[in-house]
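> dropping a prediction and its sequence here:
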Amino acid sequence: MNAHTPDSFEWTDLDRRAVDTARVLAADAVQKVGNGHPGTAMALAPAAYTIFQKVMRHDPADPEWTGRDRFVLSPGHTSLTLYTQLYLAGYELELDDLKAFRTHGSKTPGHPEYGHTAGVETTTGPLGQGAANAVGMAMAARYERGLFDPEAPEGESPFDHTIWAIVSDGDLEEGISAEASSLAGHQKLGNLVFVYDDNHISIEGDTATAFSEDVLKRYEAYGWHTQRIEPAADGDIDPHALYTALKAAQAETGRPSIIAMRTIIAWPAPNARNTEAAHGSALGADEIAATKRVLGFDPERSFEVADEVVAHSRKALDRGAEAHSAWDKQLDKWRGAQPERAKLFDRIVAGQLPEGWEDALPVFEAGSSVATRAASGKVLQALGAVLPELWGGSADLAGSNNTTIDKTSSFLPEGNPLPEADPYGRTIHFGIREHSMAAEMNGIALHGNTRVYGGTFLVFSDYMRNAVRLSALMQLPVTYVWTHDSIGLGEDGPTHQPVEHLASLRAIPGLNIVRPADANETAIAWAEILKRHATDPAPHGLALTRQGVPTYAPNSDAARGGYVLKDSSTETPDVVLIATGSEVHLAVEARERLEAEGVGTRVVSMPSVEWFEEQSREYRDSVLPPSVKARVAVEAGIGLTWYRFVGDAGRIVSLEHFGASADAKILFAEFGFTAENIAAAAKAVLDSTTGLAAARG
């Protein structure tokens, strides 16, 4: 389904001129704004052009086309590598957008941003993230094929496509890329191709300062197909050699592929090439003029683009339309042969859930004691039967995270010896690779047509944080299942007991943290997350208990983030107790003590601060009456979140230090998480607010 074969490859003077045009555009764009990264974009222009114009299946007129290949620029600092190709190929970028590079409100920000610029498949900036995103995309492509067309011969399904990624020395030095590449080799992701820009330059100079391994031997050990192409006689990338290598990589469907190519940064700038200065600084007017003379451009002109170059490169629109039309016919044929799968495809593409899916959600008996991690596992297993697009796993903690959606079906390649191995399996084994798991989940979500979750202990969210931040930045509907959410995990001690993590994660804009109080809140939380997938996409982090907690009757208002779990015996409560997770039942017990002493006490369960703050002022005030100043918030972590809810008069029962190695019950008692201590805090607040009111009166 690709327009070119090795025998049909052509490289004309117009192709060369288009590549050189991309080079001078990169230099001019950085020079105009006064900052940026011109050198790598100049060096990579032949590679990016070859991918976009000669190899990759895409349609610039429809950047969201399901049948397209994906392209990931992992070294996001060289964003002009991508922007120039999007412009030349006929995406939504025009010359004025390149002139506006790195300026406020432009379509060409300093690093590519998903959802901001058509044709940008992922937000890249922190090195290594894009490489791991690409691995996730390749995993998603295989799972998608399993959903819709698993019996098709290799290469003959409308759901067969390739993930192309350019990666840099910096990407391959970051540990996340090693995690992701190891998993990709283990998974035999034959639909994944890395093009490695081996330019020997980093910010501190020659990469000999810190990087000397044989990258291809490392990738061979990971189980990848490896190739190296030699430069042309002048030192530039040889497009014929690259094209042949790209086609060979695409033909290798049993392993992921990496192609190493030696490049010279800022090629062919006479003085700046092969220097670290060319990495992150404008070349300067004199050097740009000299470069233009070398390439046959007018040194007095900026952003020079010949009409014939644009006409030639925008034939990509015609090729895209042709490939898209052929794919549509192939899809129509598939629809005729697979009507039930076609219905599934249409539902999933539309972001809809099947009719009656909520009937599958378990309801837990009030009064029972269930760990919320266990409840989450039961929810996943129940939903698995009705939502085939839902899949996921954990970073080697499935038994603890309860993330196994189907014990008989593991996402593993053909040839894996395990009896449950299935290339289209439901349960992902990410291995002990938390950081890349999060970035791979981002890639899975970016690819589309599935719903993914991944689990580990909450304390290890620190390993994942950069990728989680990017989930929020891109507003991706991924679900993190973080268990062992407090000192309640007990004897594993302070290295494993999260203290600052809830507040720290809540500080990430756009990330919704959900810490359910019990099993029924857990089921309601999962339902709400799934409902938001298409209509209000955002990443969610579930913080779940190791220990059993009392189960209350289900209340749908849990989906509003905060609600009245137990109300006061008085019309207006004297005091409001706000709690989350395993501390809610302690607040309920404290309420019983206070009510017995004649203190009207309301308990508010607030599983998600973010969901609660989305609600109307009227609703929020109905839960937390502004007139009630006596408030106590309870959470077994640092109290940073809760000052805005308790106000100046309130108190917080929190943990402002690390935990200890002891039984959970001992730790809760030792650190003040008891009904007695909560009730005492409530009385102290009442005394202070009553005294304050009297003083004001």
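Received it, and whenever you're ready, just let me know what you need. Numbers count the residues shown, from 1 in each chain.
> how about the spatially most central residue of the chain, phi and psi?
Nearest to the mean C-alpha position of the chain, by C-alpha atoms, centre = their mean, lies N442 at 2.5 Å. With angles defined as degrees, to the nearest 10, N442 sits at phi -60, psi -40.
> which residues touch it?
Contacts for N442 (C-beta atoms under 8 Å, 6 or more residues apart in numbering) come out as 122, 129, 132-133, 136, 467, 470-471, 474, 476, 478. Every residue, glycine included, has its C-beta placed from N, CA and C.
> now swap in E308 and tell me
14, 17 are the contacts of E308 under C-beta under 8 Å, 6+ apart.
> which SS state does it fall under?
helix (DSSP: H, G, I helix; E, B strand; the rest coil).
> what residues are up against E94?
Contacts of E94 (C-beta under 8 Å, 6+ apart): Y87.
> try 10 Å
By C-beta atoms under 10 Å, 6 or more residues apart in numbering, the contact set of E94 is 87, 100, 107.
> ok, and the most crowded of the residues you listed?
Using other C-beta atoms under 10 Å as the neighbour test, the contacts of E94 are led by Y87, with 27 neighbours.
> what about stretch 228-235, distance to the chain center?
On the basis of C-alpha atoms, centre = their mean, to the nearest Å, stretch 228-235 sits 36 Å off its chain's mean C-alpha point.
> ok, now stretch 190-199?
With C-alpha atoms, centre = their mean as the basis, stretch 190-199 stands 21 Å off its chain's centre.
> returning to that earlier point: which of the contacts of E94 fall within helices?
Using DSSP state H, the subset of the contacts of E94 located in helices is Y87.
> ok, the contacts of E94 vs A587, which is closest?
Nearest to A587, judged by C-beta to C-beta, of the contacts of E94 is K107 at 49.8 Å.
> so what's the closest one up against?
Contacts for K107 (C-beta under 10 Å, 6+ apart) come out as 83, 86-87, 91-94, 96-98, 100-101, 113, 116-118, 120.
> same thing but 7 Å
93, 97, 116-117 (C-beta atoms under 7 Å, 6 or more residues apart in numbering).
> could you dump those residues into TSV with secondary structure, pLDDT and neighbour count added?
Output for those, formatted as TSV (DSSP: H, G, I helix; E, B strand; the rest coil; pLDDT from 0 to 100; neighbours: other C-beta atoms under 10 Å):
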residue	secondary structure	pLDDT	neighbour count
L93	coil	97	23
D97	helix	98	18
H116	coil	98	13
T117	coil	98	21
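> any chance of JSON lines for these, columns distance to P388?
Listed next are the contacts of K107 as JSON lines, based on distance: C-beta to C-beta, whole Å:
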{"residue": "L93", "distance to P388": "37"}
{"residue": "D97", "distance to P388": "40"}
{"residue": "H116", "distance to P388": "32"}
{"residue": "T117", "distance to P388": "32"}
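> and Q381, how many neighbours?
Burial of Q381 is recorded as 16 neighbouring residues (other C-beta under 10 Å).
> start the count at 56, not 1, going forward
Sure, I'll start counting at 56 from here, so that last one is Q436.
> give me phi/psi at it?
Backbone torsions for Q436, taken as degrees, to the nearest 10, come to phi -70, psi -40.
> separation between it and A430?
11 Å (C-beta to C-beta, to the nearest Å).
> the helix or strand that contains A84 packs against which elements?
Remark: A84 resides in helix 68-88, with elements defined by DSSP states H and E. When contacts are defined as 3 or more C-beta pairs under 7 Å, 6 or more residues apart in numbering; DSSP states H and E, helix 68-88 packs onto helix 93-105, helix 134-144, helix 150-154, helix 340-350, helix 362-368.
> can you rerun that using 10 Å?
helix 93-105, helix 134-144, helix 150-154, helix 294-306, helix 332-335, helix 340-350, helix 362-368 (3 or more C-beta pairs under 10 Å, 6 or more residues apart in numbering; DSSP states H and E).
> re earlier: list the ones among the contacts of N497 that fall in helices.
If you go by DSSP H, those have 184, 187-188, 191, 522, 525-526, 529 in helices.
> coming back round to it: can you list the contacts of E149 in CSV and add distance to M97?
Listed next are those as CSV, based on distance: C-beta to C-beta, whole Å:
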residue, distance to M97
Y142, 15
A155, 20
K162, 21
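> ok, so of the contacts of E149, who is nearest A361?
Nearest member of the contacts of E149 to A361, counting by C-beta to C-beta, is Y142, at 13.6 Å.
> wouldn't the closest one be in contact with F156 here?
No: checked against C-beta atoms under 10 Å, the pair Y142 and F156 is beyond contact range at 11.0 Å.
> can you pull the residues that touch both of the two?
Joint contacts of Y142 and F156 (C-beta under 10 Å, 6+ apart) are 80, 135, 162-163.
> tell me how many other residues crowd the residue nearest to N188 when sequence neighbours are not counted.
Sequence neighbours aside, G498 is the residue nearest to N188 in space, at 3.7 Å (criterion: C-beta to C-beta, 6 or more residues apart in numbering). Close neighbours of G498, defined as other C-beta under 10 Å, add up to 33.
> okay, and G498 sits in which element?
Residue-wise, G498 maps onto helix 489-502 under DSSP H and E.
> please work out the average pLDDT along the helix or strand following that helix.
Per DSSP H and E, the first helix or strand lying C-terminal to helix 489-502 is strand 506-512. What strand 506-512 shows for mean pLDDT is 98.
> and for stretch 544-562?
If you average the pLDDT over stretch 544-562, you get 97.
> okay, how far is it across it, tip to tip?
24 Å (C-alpha to C-alpha, to the nearest Å).
> may I see the buried residues of stretch 585-600?
Buried residues in stretch 585-600, counted by 16 or more other C-beta atoms under 10 Å: 585, 587-588, 593-600.
> ditto for stretch 675-688
If you call a residue buried by 16+ other C-beta under 10 Å, then stretch 675-688 has these buried ones: 675, 678-679, 683-688.
> can you add pLDDT and secondary structure and give the residues you listed back as TSV?
Below are the buried residues of stretch 675-688 laid out as TSV (pLDDT from 0 to 100; DSSP: H, G, I helix; E, B strand; the rest coil):
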residue	pLDDT	secondary structure
R675	98	helix
V678	98	helix
L679	98	coil
V683	97	coil
K684	97	coil
A685	98	coil
R686	98	strand
V687	98	strand
A688	98	strand
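> out of these, flag the one nearest to A239.
Closest to A239 out of the buried residues of stretch 675-688 is A688 (44.2 Å), distances taken as C-beta to C-beta.
> isn't the closest one up against V658?
No: counting by C-beta under 10 Å, V658 is not a contact partner of A688; they are 11.5 Å apart.
> need the max-distance pair from the ones in helices among the contacts of N497.
The widest separation within the ones in helices among the contacts of N497 (C-beta to C-beta) is 13.7 Å, between A187 and M529.
> list residues touching both of these two?
Residues touching both A187 and M529 (C-beta under 10 Å, 6+ apart) are 177, 497.
> how big is the angle separating the helix holding G498 from strand 506-512?
Angle, helix 489-502 to strand 506-512, by axes from the mean of the first three to the mean of the last three C-alpha atoms, to 10 degrees: 170 degrees.
> let's test this: mean pLDDT of helix 489-502, rounded?
Rounded mean pLDDT across helix 489-502 is 98.
> what do you get for stretch 320-333?
91.
> for that stretch, which positions count as buried?
Within stretch 320-333, judged by 16+ other C-beta under 10 Å, the buried ones are 320-324, 327-333.
> surely K398 and P443 touch.
No: the criterion here is C-beta under 10 Å, and K398 misses it with P443 at 11.9 Å.
> more neighbours: the two, which one.
The neighbour comparison of K398 against P443 (other C-beta under 10 Å) goes to P443, with 17 against 12.
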